[in-house]
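Trainee: Sequence and predicted structure are below.
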Amino acid sequence: MKKKKKNNDKELHIFSVVSDFEISKDGVCFLTPRAVDLIKAVHETGSILAASKEARIAYPQAWNLLDTLNHISDLPVVVRQQGGIHGGGTIVTPFGMRLITRYCKLQAKYDNFILEMEKEIQDLFTFVAK
């Protein structure tokens with residue numbers, strides 16, 4: 001626990017809300033910060049293997065996560081491309097791009113809400129410590 005400062009020989013502690021912004025569909029976890037990081041990495045690298053390394057997720061776990069996203073979603077989030085001159089790869093679909101853009105906007109709102117809650121909690125305990 002972090003200590004803030006002393007107030008009349010009493011130590012005030014900084015309280016925080018510990019929570020991740022996750023979206024579920026029909027009770028199944030759909031989008032998490034980790035999944036969004038992986039989708040962004042796929043967009044940047046064009047490869048699940050490279051994205052898994054960038055996101056620090058084991059390749060089989062990254063593969064399963066993306067496969068689950070595609071199965072839960074009404075539209076595909078990522079699509080694998082076979083072979084060709086430059087080999088295969090994975091692309092994030094336009095829906096996948098909209099999904100991460102909206103998720104990031106919602107995440108920002110969620111973060112602000114958490115900050116407001118933390119301020120209220122801190123105010124409560126600052127009042128109690130006086």
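Mentor: Thanks, I have it.
Trainee: Might you list the low-confidence residue ranges for the chain?
Mentor: 1-13, 84-87, 127-130 (pLDDT under 70).
Trainee: Show the residue spans covered by the strands in it.
Mentor: Secondary structure of the chain by DSSP state E: the strands cover 3-7, 10-13, 23-25, 28-31, 78-81, 89-92.
Trainee: neighbouring contacts of stretch 42-60?
Mentor: Outside of stretch 42-60, the residues within contact range by C-beta atoms under 8 Å, 6 or more residues apart in numbering are 34, 37-38, 41, 61-63, 65-66, 78, 80, 89-92, 96-97, 100. From N, CA and C alone the C-beta is placed, and that goes for glycine too.
Trainee: What subset of the residues you listed is buried?
Mentor: 34, 37-38, 41, 62-63, 65-66, 78, 89-90, 92, 96, 100 (16 or more other C-beta atoms under 10 Å).
Trainee: Out of these, which sit inside helices?
Mentor: R34, D37, L38, A41, A62, W63, L65, L66, G96, I100 (DSSP state H).
Trainee: The residue nearest the centre of the chain - nearest residue in space that isn't next to it in sequence?
Mentor: Against the mean C-alpha coordinate of the chain, by C-alpha atoms, centre = their mean, the closest residue is P33 at 0.9 Å. Nearest non-adjacent residue to P33, counting by C-beta to C-beta, 6 or more residues apart in numbering: D20, 6.1 Å away.
Trainee: okay but that neighbour is in contact with T32, surely?
Mentor: Yes: between D20 and T32 there is a contact under C-beta atoms under 8 Å: 6.6 Å.
Trainee: the more surrounded of the two?
Mentor: Taking other C-beta atoms under 10 Å, D20 and T32 do not tie; T32 has more neighbours (16 against 9).
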